[in-house]
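1. What shape does this take:
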Amino acid sequence: MDALPAALLATLGSPVGTCWVLWQELKIRSKGAPLTRDIQQWARNAGVRNVDRIRLAYTKVIPLPAPMFLRKYLDHRGFPSSDVAGLALRYGIYLEEGTPLNGSVIRHELIHTRQYQRMGSVACFLWLYLYQCLTRGYYHCALEKEAREDSTAP
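-> Residues are numbered from 1 along each chain as shown. Next up is the predicted model:
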């Protein structure tokens, strides 16, 4: 997608997405479980701040702010929206049931938490994330590449 339409879509999508992220984050943080000590230490070493605020919630299906028909369309366009194992919503992280607490999925999502922190707000993170995904594709999005690469660090 060209930069101008992508920027417009990111600008339109980030306010709605921000409201949804903040709502989901509140839900997870009110009922979720804290990180284990080992994962807290890994996160600190990876540069994640305020690890004591992060909570995890296990779910059968990771919720996304899109109806199933749109999620299937996005899957065909290279966005993995139906088969998601984790989703970072700043200090709230959804994990698919059965996902190990010491594996690469939680580490990947913690790198996204670090990115939210670096961007300074949910809205800034979402705008950049959407823009990169729309212009480069999900797998070539710089924020996703960073999360994939940094989640493998010891």
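
2. Look at residue 60 and say how many residues are nearby.
-> 7 (other CB atoms under 10 Å). Bear in mind the C-beta positions are built from the backbone N, C-alpha and C, glycine included.

3. ok, the closest residue to it other than its chain neighbours to residue 48 distance?
-> Leaving out its chain neighbours, the residue that sits closest to residue 60 by CB to CB, 6 or more residues apart in numbering is residue 97, at 5.6 Å. In this view, residue 97 and residue 48 are 24 Å apart by CB to CB, to the nearest Å.

4. Just the element for the residue nearest to residue 2 when sequence neighbours are not counted, please.
-> Closest residue in space to residue 2, ignoring its immediate chain neighbours: residue 135 at 7.7 Å, by CB to CB, 6+ apart. Using DSSP states H and E, residue 135 sits within helix 122-136.

5. Next: residue 43.
-> Using DSSP H and E, residue 43 falls in helix 37-45.

6. Now find how far off-centre that helix is within its chain.
-> Distance of helix 37-45 from its chain centroid, counting by CA atoms, centre = their mean, to the nearest Å, is 18 Å.

7. Would you indicate which residues of it are buried?
-> Judged by neighbour count using 16 or more other CB atoms under 10 Å, the buried positions of helix 37-45 are 39, 40, 42, 43.

8. who does it touch, helix- and strand-wise?
-> Helices and strands touching helix 37-45, by 3 or more CB pairs under 8 Å, 6 or more residues apart in numbering; DSSP states H and E, are helix 104-119.

9. can you list contacts of the helix it packs on?
-> With CB atoms under 8 Å, 6 or more residues apart in numbering as the contact definition, helix 104-119 has outside contacts at 35, 39, 42-43, 46-50, 54, 56, 85-88, 90-91, 93, 95-96, 99-100, 122, 125, 128, 143, 146-148, 150-152.

10. Give me the subset of these that lies in strands.
-> Judged by DSSP state E, strands contain the following of the contacts of helix 104-119: 56, 86, 87, 88, 93, 95, 96.
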